[in-house]
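>>> need a 3D model of the following:
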Amino acid sequence: MHYRCGLPTSVWVALLALPAHATTTDGPRYDVLLSGGTVYDGSGGAPFVGDVAISGDRIAYVGPHAPRDARERLDVHGKAVAPGFVNMLAHPEVSLLADGRALSDLRQGVTLEVLGEDSMGPLTPLMQRLARQRQGDIKFTVDWTTLGGYLHKLEQRGIAPNVASFVGAGTVRANVLGEKDVQPTAAQLAQMRALVHQAMEEGAVGVTTALIYSPNEYARTPELIELATESARCGGIYAAHMRSEGDRLLEAVQETVDIARASGAPAEIYHLKAAGKRNWGKLPELVSAVEAARSAGVRITADMYVYTAGATGLDAAMPPWVQDGGLEAWIARLREPAVRTRVLAEMREPKPQWENLYGAAGPAGTLLLAFKNPALKPLTGKTLAEVARMRGVSPEDAAIDLVIEDGSRVGVAYFLMSEENIAREVALPWVSFDSDEAAPAPEGVFLKSSNHPRAYGNFARVLAKYVRDDRVITMPQAVHKLAALPTATLSLPDRGLLQAGYFADIVLFDPATVQDHSTYEKPQQLATGVSDVWVNGVRALREGTATGAASGRVVRGRAWTAVAGGGCRATAHDWTWSP
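Residues are numbered from 1 along each chain as shown. Sure thing, here's the model as predicted:
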């Protein structure tokens, strides 16, 4: 976007087109006028002091002085006005069913949650039963079978943020093959492609996978290419928690590039990182590999959270073979003495052939976050090393015992990354941001378990630490990476910028005071500094308090058949992709 005297050229063109007699009373009034704020339009260009107006669910004006009055006029001098932020990898699939406010993210200015890794459909009757059986603190009815059915349920429930969703390659695999370590026949692979096709026409924005977890881990590259190709012909991208973020990081990046090249569509690397101290030095090679692919015309982008610990489960501490068949089969095997002995040995291997996050973090770097079993909840907030000492067993034995006793994967945080690498990743122009978490509130059912602080602080931390305090990136760059970059990556029209005609997803915040407060010791603390949020023109946050408005919508992908021009096409080349 071009600028003239600090204003976008498009704004000057609009001003010159106004009749000379235009006054603040000409034409219909706006619904809302934000007056005198510092406008960051999302393009990455210089901000300007001016007005942003809302009419209905759209932005009606962006410029130095709005030509009409409004039903509600807010003087926002000293505040930043920006397009709503996008959580590029979010996990509020269940939390939204309990609390549609998505409060932890809303208080940070997030207006779009992109659901990822695995999806909430398509489901078989067995998958429905297992989803009910494996529920944790939040109980909910699984009364849908398709991804479209789940998204409709969210809309019917009423939610504050917008949501978009990928279809999970692992979900599709489980639908056709179950959770076992098997390879699909040609007929089964065709069935899997058909399920991806169906989900895309129901509104999915692409296909994604999480390749360190069972059953995703059992998929080989050709299978992933097939599913990514089906997604691509439906206008969707491929996104992946790569097969390795540590010892085989560079090989995993190459696989991702290969899948993108073969499918013809872009690829997104989830939660970019170099995990484990011995792998921290690989980041420059990773960056070089991605930028070489981009220079060669393969569209690769990434997202990240800005913390030195990741969060997942104790399944990432044990080899894939023991998890063959799913959670229940995994726990049954762990009860067998011979199997337990083998698992213990493999957990202690210094360089295993699988992604052992526990091995990279160590027992003192493995923090326990979430249990199902009430008897184990007092262990929340302790490290695996502490629990092992309390019980008088090895850390590996403690991990196995906890999985058996809890009947779950057990939620944990692993300390794996370096702060220096995080700062370098934040500055990369092709990296957006994610929480990789649910969207809880510090109340009710959410207090039964803990969280990684990224659930409450990731986006505010970008603005507070990496923009204001450390000056790693500028505020215009940050807003671009929080809004316009992810919407362009997902090919979502009319979102991500403050521009007339775009949907009115708008965040109002104070750059001088915006701050994350969530810590590993006390994670359930809301961020501050974001005062107001509008989602589709509806005020979802008013002076720091959630309004409870059902302002959010499902933002569907380009192949959604309920709109004109929807439906899949012959190949990825029949679509236009962002550069």
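>>> how about residue 191, nearest residue that isn't a chain neighbour?
Counting by C-beta to C-beta, 6 or more residues apart in numbering, residue 191 lies nearest to residue 176, which is 5.2 Å off, once chain neighbours are set aside. C-beta here means a position set from N, CA and C on the backbone, and glycine is covered the same way.
>>> please, which helix or strand holds that neighbour?
Assigned by DSSP states H and E, residue 176 belongs to helix 169-177.
>>> so where's the stretch 51-200 of the chain uncertain?
Counting by pLDDT under 70, the stretch 51-200 of the chain shows no low-confidence range.
>>> can you give me the helices in it?
With DSSP state H, counting those that start in this stretch as the criterion, the stretch 51-200 of the chain has helices at 95-98, 103-106, 125-133, 147-157, 169-177, 186-201.
>>> closest to residue 307 out of the ones you listed?
helix 103-106 (14.4 Å; C-beta to C-beta).
>>> quick revisit: what about the residue nearest to residue 191, how many neighbours?
Residue 176: 18 surrounding residues under other C-beta atoms under 10 Å.
>>> give me the distance between it and residue 255.
From residue 176 across to residue 255, the span is 22 Å (C-beta to C-beta, to the nearest Å).
>>> what about residue 461, is that helix, strand or coil?
Classification of residue 461 by DSSP: H, G, I helix; E, B strand; the rest coil places it in helix.
>>> might one say that it is in contact with residue 514?
No: between residue 461 and residue 514 there is no contact, the gap being 9.4 Å when judged by C-beta atoms under 8 Å.
>>> give me whichever of the helices of the stretch 51-200 of the chain is most buried.
Using mean count of other C-beta atoms under 10 Å, the stretch among these with the largest mean neighbour count is helix 103-106, at a mean of 28.
>>> CA atoms only: put it into PDB for me.
In PDB, the C-alpha atoms belonging to helix 103-106 read as follows (Å, rounded to 0.1, in the frame of the first residue of the first chain):
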ATOM      1  CA  LEU A 103     -12.500 -14.400  27.300                       C
ATOM      2  CA  SER A 104      -8.700 -15.100  27.500                       C
ATOM      3  CA  ASP A 105      -8.400 -14.300  23.800                       C
ATOM      4  CA  LEU A 106     -11.000 -11.600  23.600                       C
END
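>>> so how far is it from its chain's centroid?
13 Å (C-alpha atoms, centre = their mean, to the nearest Å).
>>> which outside residues touch it?
87, 90, 92, 113, 160-161, 435, 437-442, 455-456, 459, 526-527, 533, 540-541, 546 (C-beta atoms under 8 Å, 6 or more residues apart in numbering).
>>> in strands only, show me those residues.
87, 90, 113, 533, 540-541, 546 (DSSP state E).
>>> nearest to residue 339 among these?
Once C-beta to C-beta is applied, the member of the ones in strands among the contacts of helix 103-106 that ends up nearest residue 339 is residue 90, at 35.4 Å.
>>> doesn't residue 116 make contact with that closest one?
Yes: the criterion here is C-beta under 8 Å, and residue 90 meets it with residue 116 at 6.8 Å.
>>> helices of the stretch 201-350 of the chain, start to end?
221-232, 249-263, 283-295, 327-334, 337-347.
>>> is it true that residue 367 lies in a helix?
No: using three-state DSSP, the assignment for residue 367 is strand, not a helix.
>>> roughly how far does it sit from residue 118?
When residue 367 is compared with residue 118 (using C-beta to C-beta), they lie 23 Å apart.
>>> next, count neighbours for the residue nearest to residue 423 when sequence neighbours are not counted.
Leaving out its chain neighbours, the residue that sits closest to residue 423 by C-beta to C-beta, 6+ apart is residue 472, at 5.1 Å. Counted with other C-beta under 10 Å, the neighbours of residue 472 add up to 18.
>>> any idea how far residue 126 is from residue 472?
47 Å.
>>> so what's residue 525 up against?
442, 456-457, 517-519.
>>> distance of it from residue 517?
4 Å.
>>> give me the common contacts of those two.
Common neighbours of residue 525 and residue 517, using C-beta under 8 Å, 6+ apart, are 456-457.
>>> count of neighbours near residue 422?
22.
>>> which non-adjacent residue is nearest it?
That would be residue 306: by C-beta to C-beta, 6+ apart, it lies 5.6 Å from residue 422.
>>> what residue lies at the spatial centre of this structure?
Centroid-nearest residue in the chain, with C-alpha atoms, centre = their mean: residue 89, separated by 1.1 Å.
>>> check contacts around that one.
Contacts of residue 89 by C-beta under 8 Å, 6+ apart are 114, 116-117, 239, 270-271, 303, 434-436.
>>> how about those in CSV, adding neighbour count?
Shown next, in CSV, are the contacts of residue 89 (neighbours: other C-beta atoms under 10 Å):
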residue, neighbour count
114, 28
116, 30
117, 25
239, 31
270, 24
271, 25
303, 28
434, 28
435, 32
436, 25
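>>> can you name the two of those that are farthest apart?
Most distant of these, by C-beta to C-beta, are 239 and 435, 15.1 Å apart.
>>> distance check, residue 323 against residue 223.
Distance from residue 323 to residue 223, by C-beta to C-beta: 18 Å.
>>> that should have said residue 239, apologies.
Taken as C-beta to C-beta, the span from residue 239 to residue 223 is 16 Å.
>>> was I right about residue 246 contacting residue 277?
No: using C-beta under 8 Å, residue 246 is not in contact with residue 277; the gap is 9.8 Å.
>>> common neighbours of those two, please.
residue 360.
>>> and these two? Which one has more around it.
residue 246 (22 against 15).
>>> name the helix or strand for residue 49, please.
Short version, using DSSP H and E: residue 49 is in strand 48-55.
>>> what helices or strands is that strand leaning on?
Counting contacts by 3 or more C-beta pairs under 8 Å, 6 or more residues apart in numbering; DSSP states H and E, strand 48-55 packs against strand 30-39, strand 58-63.
>>> angle of the first one against strand 58-63?
So that's strand 30-39. 40 degrees (axes from the mean of the first three to the mean of the last three C-alpha atoms, to 10 degrees).
>>> show residues contacting strand 30-39.
By C-beta under 8 Å, 6+ apart, strand 30-39 touches 47-56, 60-62, 66, 68-82, 498, 506, 508, 511, 534, 537, 539.
>>> 7 Å instead?
47-56, 60, 62, 66, 68, 70-77, 79-81, 498, 508, 537 (C-beta atoms under 7 Å, 6 or more residues apart in numbering).
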